[in-house]
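Novice: Take a look and give me a structure for this.
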Amino acid sequence: MMMKHLTIIFLALSVLGCANAINPNTKEFIPISAIPTGATEGRIVSPDKIYLELGVIPGALYGAPYNEPSWYIDLYPENQPEIDVTVLSKALKKYASKMTGNPINNGLVLEPNQTKFVRVSTFGSAPNEFIRFSGGLEDEYGNFLVLAYFDRKCTLRGTKDFGEEGIYHHNLVIDGPGLYKLIATYSDGAYTLTAEKNNKLIYAVVE
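Specialist: Below is the predicted model:
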């Protein structure tokens, strides 16, 4: 459903499979709490070694992420998983691009059109066992959310109708460059996406 189209994209405490390890080094971070669903039971050898896998989708809010890069955050509670906002923003900046001509962007209007952005895809992963799970993020109210980096002040508006998987109205008002949470709130049979920039706790759901 929504998770499918928000093929959902965190850097933090443990980075695996990357050429350059990235460690938190600022005080600006977003804490993460994992929501256990039991869906991984019997599927991996070490159920306490679940990671949040991040990828990039340049110039679009929907679609499949690039094969690289992949970053991993250890969701085991003792490691106090978190997203270093400054480090992640710096890493994402070089992947940001203008809105692509892919039909997945039909119905969306980005102003100014020279704005560059990149959406973060999110998966659940057991990288040492080469297994990937469905995974995503929620806010404190249970609303689905994704992360995206924008390189300037802009707006992104429009409606996407995914049929049985839902209608999505976009009303993103970006105040300046940086990492934003795009919150999908459900009401009257449709989702409305709005943008927030804060360090509130978010929840990782692995299925």
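
Novice: Give me the helices and strands touching the longest helix that the chain contains, please.
Specialist: Identified as the longest helix of the chain according to DSSP state H is helix 85-93. Where contact means 3 or more CB pairs under 8 Å, 6 or more residues apart in numbering; DSSP states H and E, helix 85-93 is packed against strand 117-126, strand 144-150, strand 178-187. The C-beta positions use only the backbone N, C-alpha and C, and glycine is treated the same way.

Novice: Of those, give the one that comes closest to residue 31.
Specialist: strand 178-187 (12.9 Å; CB to CB).

Novice: Quick one: work out the angle between that closest one and helix 85-93.
Specialist: Per axes from the mean of the first three to the mean of the last three CA atoms, to 10 degrees, the angle that strand 178-187 makes with helix 85-93 is 90 degrees.

Novice: In its sheet, which strands sit next to strand 178-187, and in what direction?
Specialist: Strand 178-187 has the following strand partners under DSSP bridges: strand 144-150 (antiparallel), strand 190-196 (antiparallel).

Novice: coming back round to it: mean pLDDT, mean neighbour count and distance to residue 107 for the helices and strands packed on helix 85-93 - can I get that in TSV?
Specialist: Formatted as TSV, the helices and strands packed on helix 85-93 follow (pLDDT from 0 to 100; neighbours: other CB atoms under 10 Å; distance: least, CB to CB, whole Å):
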stretch	mean pLDDT	mean neighbour count	distance to residue 107
strand 117-126	93	25	16
strand 144-150	97	24	17
strand 178-187	96	18	16
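
Novice: buried residues in the longest helix of the chain?
Specialist: By neighbour count on 16 or more other CB atoms under 10 Å, the buried set for helix 85-93 is 85-89, 91-92.

Novice: what's the spacing between it and its chain's center?
Specialist: Offset of helix 85-93 from its chain centre (CA atoms, centre = their mean, to the nearest Å): 13 Å.

Novice: and the angle from that helix to strand 117-126?
Specialist: Here helix 85-93 points in a direction 110 degrees away from that of strand 117-126 (the same axes, to 10 degrees).

Novice: Strands along the protein, start to end?
Specialist: Using DSSP state E, the strands of the chain run over 29-35, 51-58, 71-74, 82-84, 108-111, 117-126, 131-133, 135-138, 144-150, 154-161, 167-174, 178-187, 190-196, 202-206.
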